[in-house]
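**Student:** coords please:
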Amino acid sequence: MILITGASGIVGGKVLQEVAKSGNPVRAMYRSKEDAAKVLSGVQPVIADFGDAESLRGALNGVDTVYLVCSPVPQLVEWEGNMIDACKKANVERVVLNSALGAGSYSKSFPSWHAKVEQRLTASGLGWTILRPNSFMQNVVSYYAPTIRSQNAFYSSVGSARMSYIDVRDIAAIAAQALTTDRHAGKTHELNGPEALSAAEVAGKISRLVGRSVQYVDIPAEAQRKSLHGVGMPDWQVNALLELQEYYTQGNGAQVDGLVEELLGRPAIRIDQYLAENLDAFCEQAA
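**Tutor:** Numbering: from 1, shown residues only. I've put the predicted structure just below:
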């Protein structure tokens, strides 16, 4: 039995879809009855919480492999650590951990949190695979589409830094391999997309797609901080996001190495495809 945590999330949901195709028995972990009611046909839902050890014991009953992903919250180290401990007690054989690019080298922000979990997992005695994905293509819609629709522009303080955006679907396909085969056992994979792009180049691609000029506007980090606070983002999240941007502006995150293509045995999804599939998100009438 394979347990998929974070099954209602952007990555966990795609991993669940991929694993469900494999024919292996699969259980999906949710935090609410409402989310669990939307489970895929043939998938066993379970309601549990990373902060509730008793619920984790129930979720892991009969499970031998776990996909572990948690929202980027201050409790990430504690909660994922709880699951690792619960996996040990339940005699789980392998955990596939969704970590983050930079976890092996960057001492700030989300990567530093993931690094602590990685250390806990690799020292646990459990079988493991660690995936460190680069920035998601899906973030372009999540973070930039609203102001593209209303202002034909999006804003950040990443300057000319390049990012090798990766589609969540490719991450999910590799995670499914690691959950259903032994080919990734004991390996740490840094997952980069097929091309390194600056924010201005992304704006150019969106402009050509929608048939109007879309601009990337670079702003000072402190101006971005003020803006994020202005929309109600808590201090911890603002600080973590700005520190993560420093990781990219320092020249990290632009690697294109072909590993994803090698692991998948096919070309990686390119951002042009992703943007075309999500054209409506950038159109004025979608506002």
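
**Student:** which neighbours does the longest strand anywhere in the chain have in its sheet, and in what orientation?
**Tutor:** Using DSSP state E, we find that the single longest strand of the chain is strand 127-133. Sheet partners assigned to strand 127-133 using DSSP bridges are listed as strand 94-98 (parallel), strand 188-191 (parallel).

**Student:** between the helix or strand where residue 179 lies and strand 127-133, how big is the angle?
**Tutor:** With secondary structure defined by DSSP states H and E, residue 179 is part of helix 168-180. Per axes from the mean of the first three to the mean of the last three C-alpha atoms, to 10 degrees, the angle that helix 168-180 makes with strand 127-133 is 170 degrees.

**Student:** with only the CA atoms kept, save the longest strand of the chain in CSV.
**Tutor:** The C-alpha coordinates for strand 127-133 follow below in CSV (Å, rounded to 0.1, in the frame of the first residue of the first chain):
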residue,chain,number,x,y,z
GLY,A,127,14.5,3.6,2.9
TRP,A,128,14.4,6.9,1.2
THR,A,129,14.4,9.0,-2.0
ILE,A,130,14.7,12.8,-1.9
LEU,A,131,13.4,15.1,-4.7
ARG,A,132,14.5,18.7,-4.8
PRO,A,133,12.5,20.5,-7.4
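
**Student:** ok, and what's touching that strand?
**Tutor:** 93-104, 114, 118, 121-122, 166, 171, 174-175, 178, 184-191 (C-beta atoms under 8 Å, 6 or more residues apart in numbering). Heads up, the C-betas are built off the backbone N, CA and C, glycines and all.

**Student:** now, of those, which are buried?
**Tutor:** Listed as buried from the contacts of strand 127-133 are 94-103, 114, 118, 121, 166, 171, 174-175, 178, 184, 188-191; burial here means 16 or more other C-beta atoms under 10 Å.

**Student:** all strands for the stretch 1-150 of the chain, in order.
**Tutor:** Under the criterion DSSP state E, counting those that start in this stretch, the stretch 1-150 of the chain contains strands at 2-4, 26-30, 44-47, 65-68, 94-98, 127-133.

**Student:** need the ones you listed in CSV with distance to residue 143 and mean pLDDT, can you?
**Tutor:** Compiled in CSV, the strands of the stretch 1-150 of the chain are given as follows (distance: least, C-beta to C-beta, whole Å; pLDDT from 0 to 100):
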stretch, distance to residue 143, mean pLDDT
strand 2-4, 25, 98
strand 26-30, 25, 97
strand 44-47, 30, 95
strand 65-68, 25, 98
strand 94-98, 19, 98
strand 127-133, 16, 98
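
**Student:** so what's residue 121 up against?
**Tutor:** Contact partners of residue 121, counting by C-beta under 8 Å, 6+ apart, are 84, 95, 97, 128, 130.

**Student:** nearest to residue 145 among these?
**Tutor:** The nearest member of the contacts of residue 121 to residue 145, counting by C-beta to C-beta, is residue 97 at 29.5 Å.

**Student:** my read is that the closest one contacts residue 76, right?
**Tutor:** No - judged on C-beta atoms under 8 Å, residue 97 makes no contact with residue 76 at a distance of 11.4 Å.

**Student:** list the residues that contact both of these two?
**Tutor:** By C-beta under 8 Å, 6+ apart, residue 97 and residue 76 have these common neighbours: residue 117.
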